[in-house]
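Asker: Provided below for reference: sequence and predicted model.
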Amino acid sequence: MALVVVSIGSNIERERHVQICLDALHAEFGKLLISRVFESEPVGFEDGRNFFNLVTAFESDAGVGELQAWCKRLEYANGRRKISPKFSPRTLDIDLLTVGALCGDIDGVELPRDEIVKHAFVLKPLAELLPEHRHPINGERYADLWAEFDAGDQRLWPVDFVWQGQRISRAS
Ligand SMILES: Nc1ncnc2c1ncn2[C@@H]1O[C@H](COP(=O)(O)OP(=O)(O)OP(=O)(O)O)[C@@H](O)[C@H]1O
Ligand SMILES: Nc1nc2c(c(=O)[nH]1)N=C(CO)CN2
């Protein structure tokens, strides 16, 4: 079994899509560790709609290709279409951040995903969820990576979020 860490993002019907995504991950993989949900303005493109982003982790012995295909199926089942350019509004984006300590291109998936060290909307929830875990390549604790991170003008607002009757995120 390996710890699988994924990031989730949505800026179209974002509350509904995050709920659907967590329900599906839970049904498929069992117990989930879930970060707070953060709202932020779109990075890299202009759009009136802010994102919800969060990170979740679970144990699985599925292969990387299988995990990736499962995530893509869920995105597409929820209205995600490939016609959109990389930086565009999206119903649901599920990205594999890490799978255990695997590094490199595995089944066409880049691990660990380099967005971990690029975007506050990925690193902040990851560092809160798994502060003591270390980045598989540079060996730094996620808490330290976040403490050293220059978020520039990226701002994150914690969202009051309830999933399956459980408050997983609250304003602070
Ligand atoms: N760690 C990873 N997690 C998810 N996809 C990855 C990863 N590494 C490489 N990829 C590849 O990137 C391709 C494009 O991903 P996706 O469909 O999410 O596109 P995108 O929306 O343009 O990018 P993003 O996910 O950054 O918004 C996927 O088909 C997948 O093969
Ligand atoms: N705030 C925010 N901005 C983004 C996001 C995202 O999830 N959140 N995803 C993108 C493409 O993957 C591009 N820009």
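Answerer: Nice, I can see it. Quick caveat, the model's predicted, so the values are computed rather than measured. Ligands and ions are numbered 1, 2, ... in the order given.

Asker: Show me the helices in the protein, by range?
Answerer: Taking DSSP state H as the test, the helices found in the chain are 14-29, 64-77, 120-129, 142-148.

Asker: Can you tell me which of those helices is nearest to Ile168?
Answerer: helix 14-29 (8.4 Å; Cβ to Cβ). Where you see a C-beta, it was placed from the backbone N, CA and C, and this is true even at glycine.

Asker: Identify each buried residue in the closest one, please.
Answerer: Within helix 14-29, the residues that count as buried by 16 or more other Cβ atoms under 10 Å are Arg14, His17, Val18, Gln19, Ile20, Cys21, Leu22, Ala24, Leu25, His26, Phe29.

Asker: and stretch 106-117 with ligand 1, contact?
Answerer: Yes - on the criterion Cβ under 6 Å from any ligand atom, stretch 106-117 is in touch with ligand 1 at Gly108, Val109, Glu110, Leu111, Arg113.

Asker: Include neighbour count and pLDDT when you put those residues into CSV, please.
Answerer: Listed next are the residues of stretch 106-117 next to ligand 1 as CSV, based on neighbours: other Cβ atoms under 10 Å; pLDDT from 0 to 100:
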residue, neighbour count, pLDDT
Gly108, 8, 96
Val109, 17, 97
Glu110, 13, 97
Leu111, 20, 98
Arg113, 17, 97
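
Asker: Which one of those is nearest to Arg36?
Answerer: Arg113 (19.7 Å).

Asker: What is the burial count for the nearest residue in space to that closest one that is not next to it in sequence?
Answerer: Excluding its sequence neighbours, the residue lying closest to Arg113 (Cβ to Cβ, 6 or more residues apart in numbering) is Leu97, at 4.9 Å. Other residues within reach of Leu97, judged by other Cβ atoms under 10 Å, total 23.
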